[in-house]
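Colleague: Sharing a model prediction with you, sequence too.
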Amino acid sequence: MNPYPLPAAAFKGEGMTSQRARDRLANSLKDAGIRDPRVIEVIRNTPRHHFIDQALHARAYENTALPIGHGQTISQPWVVARMTEALLESFDAKGGMPRKVLEIGTGSGYQAVVLAALVPQLFTVERIEELLRQARRRFRQLGLPNVRSKHDDGKLGWADEAPFDAIILTAAGDTVPTRILDQLTPTGVLVAPVGSPSSQTLIRLRGDGQGDFIQEELGAVSFVPLLGGIG
């Protein structure tokens, strides 16, 4: 695990935000097929209610996507778990761990925090300035010095920090932008939703070391669209 665990104070909650509620969520993820104990434990210990409006706190540990404003959502916990698991298991097969990971679409910051508890360096890009401002505040509150963030067009990736061992996209385009693929190491892994708003598939691309990618389909998903520009 990462040397920067979430502080114990972040775990406090009452009623529908209590540790018991988080335990129920973690158990439901196991029942739904999530196998990686590292991912389940991080989600068990991540205070999801800190990433949504207080009016929605009672629903924080339901396995459902919730609105965060600006037409965006905090992803369903199962989807966060599955994407994180899909990224890690590719490196487990090689006997290692991604050390430098890029996330496209910070949103609330929830996926970033889950990843930051598992990898040494997490870089995250968000096009909506207000969402990024809120996410940065949460990163500071949770004491995560291994997260770096940037307000920019996510379709551009973060070229100045490339290459990355792994990249994760939290919004769906028809295809994965070439500029993002170019920022992977030759044997890197990318996990992303692709497709139209009515029909999206979660895919994993694994570099073969020769400039090509092996693609796997991981199941149907539903994400907000991958947009260019900044707001």
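Modeller: Perfect, thanks for sending it.
Colleague: residues in contact with stretch 89-103?
Modeller: 36, 87-88, 111-112, 115, 118-125, 157-158, 161-170, 183, 187-189, 204, 206 (Cβ atoms under 8 Å, 6 or more residues apart in numbering). Yep, even glycine has a C-beta here, placed from its N, CA and C like the rest.
Colleague: and the end-to-end length of it?
Modeller: End-to-end span of stretch 89-103 (Cα to Cα, to the nearest Å): 17 Å.
Colleague: Please identify the buried residues of it?
Modeller: Within stretch 89-103, the residues that count as buried by 16 or more other Cβ atoms under 10 Å are S90, F91, P98, K100, V101, L102, E103.
Colleague: One more: stretch 65-80?
Modeller: Buried, per 16+ other Cβ under 10 Å, within stretch 65-80: A65, L66, I68, Q72, T73, I74, S75, Q76, P77, W78, V79, V80.
Colleague: pLDDT of the longest strand seen in the chain, averaged?
Modeller: When the chain is parsed with DSSP state E, its longest strand is strand 184-196. Mean pLDDT, strand 184-196: 96.
Colleague: Just give the nearest non-adjacent residue to L144, would you?
Modeller: Among residues not flanking L144 along the chain, A116 sits closest, at 5.0 Å (Cβ to Cβ, 6 or more residues apart in numbering).
Colleague: Provide a list of residues in contact with E62.
Modeller: If you count contacts by Cβ under 8 Å, 6+ apart, then E62 has L25 around it.
Colleague: Can you dump the C-alpha atoms of stretch 90-97 in PDB for me?
Modeller: What follows is stretch 90-97, C-alpha atoms only, in PDB (Å, rounded to 0.1, in the frame of the first residue of the first chain):
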ATOM      1  CA  SER A  90      -2.300  -6.100 -15.300                       C
ATOM      2  CA  PHE A  91       0.700  -5.200 -13.300                       C
ATOM      3  CA  ASP A  92       0.200  -8.100 -10.800                       C
ATOM      4  CA  ALA A  93       0.600 -10.500 -13.700                       C
ATOM      5  CA  LYS A  94       4.000  -8.900 -14.300                       C
ATOM      6  CA  GLY A  95       5.000  -8.900 -10.700                       C
ATOM      7  CA  GLY A  96       5.000  -5.200 -10.200                       C
ATOM      8  CA  MET A  97       2.900  -2.100  -9.500                       C
END
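Colleague: low-confidence ranges in the chain?
Modeller: By pLDDT under 70, the low-scoring segments of the chain are 1-14.
Colleague: In it, where's the longest helix?
Modeller: In the chain, assigned by DSSP state H, the helix with the most residues is helix 77-92.
Colleague: just checking, next helix/strand downstream of that helix?
Modeller: Moving toward the C-terminus from helix 77-92, the next helix or strand (DSSP states H and E) is strand 100-104.
Colleague: angle of that following strand against helix 77-92?
Modeller: Taking axes from the mean of the first three to the mean of the last three Cα atoms, to 10 degrees, one finds strand 100-104 and helix 77-92 inclined to each other by 150 degrees.
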